[in-house]
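[1] take a look and give me a structure for this.
(one chain, ligands or ions: 1)
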Amino acid sequence: MPETRDHLTVVTHPLVQHKLTLMRKKDTSTASFRRLLREVSLLLGYEVTRGLDMTTVRIETPVTEMDAPALDGKKLALISILRAGNGLLDGLMELIPAARVGFIGLYRDPDTLKPVQYYCKVPEALEDRLTIAVDPMLATGNSSVAAIDLLKANGAKNIRFLCLLASPEGVAVMKAAHPDVPIVTAALDDRLDDHGYIVPGLGDAGDRMFGTK
Ligand code: URA
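    Below is the predicted model of the structure:
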């Protein structure tokens, strides 16, 4: 079972943990990293969509009629925080093909070190949708908080945050700013280093999935 404390759920499933170990290894190739991230995103997607609203629909099986469970409500929204969020997005879109999809782009201002928005395109009627924001690395938490700020400014009320790795610092920053947003992750690592990298971590998730370094 996943470990849930406060608003943080760590998915301790053996398959998730094994795949994450392979991703952490510095010699894992870009192709393997990308494939593993897709596989892990399917497994994390199972957890982050737990407790969705359900209804029943009347169907006919080859044997009889029945009231069968089905998802209820407006299609949920997946929001990728660029660019690394796209690595988690692929698997989630496969899992939830009808989901609406948005993108938020943020960069860190070199002087203020604050996140600045350079792109935001999100689905309409966020107020009526479960909104799942995805970014593999919850590090300082600053860009995640800014992304959730933007989603709330666009009407989102029911938000969950999905990442692959979280730092204790990032979780604390998110919890202080957005205590209403549950976080689902594969691991809570030890700390951040002086450059804001998660330790032990896996390095730069974007570089590792896109082969840019
Ligand atoms: N972003 C990354 O890609 N890796 C980290 O360790 C921290 C932030």
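[2] please count neighbours and contacts with C-alpha atoms only from this point.
    Noted.
[3] what does the top strand by length along the chain rub up against?
    Counting residues, the longest strand found in the chain (DSSP state E) is strand 100-108. Residues outside strand 100-108 that contact it (Cα atoms under 8 Å, 6 or more residues apart in numbering): 75-83, 114-123, 143, 147.
[4] ok, now with 6 Å
    The contact list for strand 100-108 (Cα atoms under 6 Å, 6 or more residues apart in numbering) reads 77-82, 114-123.
[5] same check, this time on stretch 129-146
    Residues contacting stretch 129-146 (Cα under 6 Å, 6+ apart): 74, 76-81, 85, 115, 158-167, 170, 173-174.
[6] mind listing what's buried in the longest helix belonging to the chain?
    As assigned by DSSP state H, the longest helix anywhere in the chain is helix 30-48. Buried residues in helix 30-48, counted by 16 or more other Cα atoms under 10 Å: 30, 33-45, 47-48.
[7] what sits up against it?
    V16, M23, L88, G91, L92, R208, M209, G211.
[8] closest one to the ligand out of those, please.
    Distance ranking of the contacts of helix 30-48 against the ligand, using Cα to the nearest ligand atom, places R208 first at 8.2 Å.
[9] contacting residues for that closest one?
    Taking Cα under 6 Å, 6+ apart as the test, what R208 contacts is T30.
[10] now swap in the one 5 residues further on and tell me
    With contact set as Cα under 6 Å, 6+ apart, K213 has these partners: D207.
[11] one step back: what is the rounded mean pLDDT of the longest helix of the chain?
    Averaging pLDDT along helix 30-48 yields 97.
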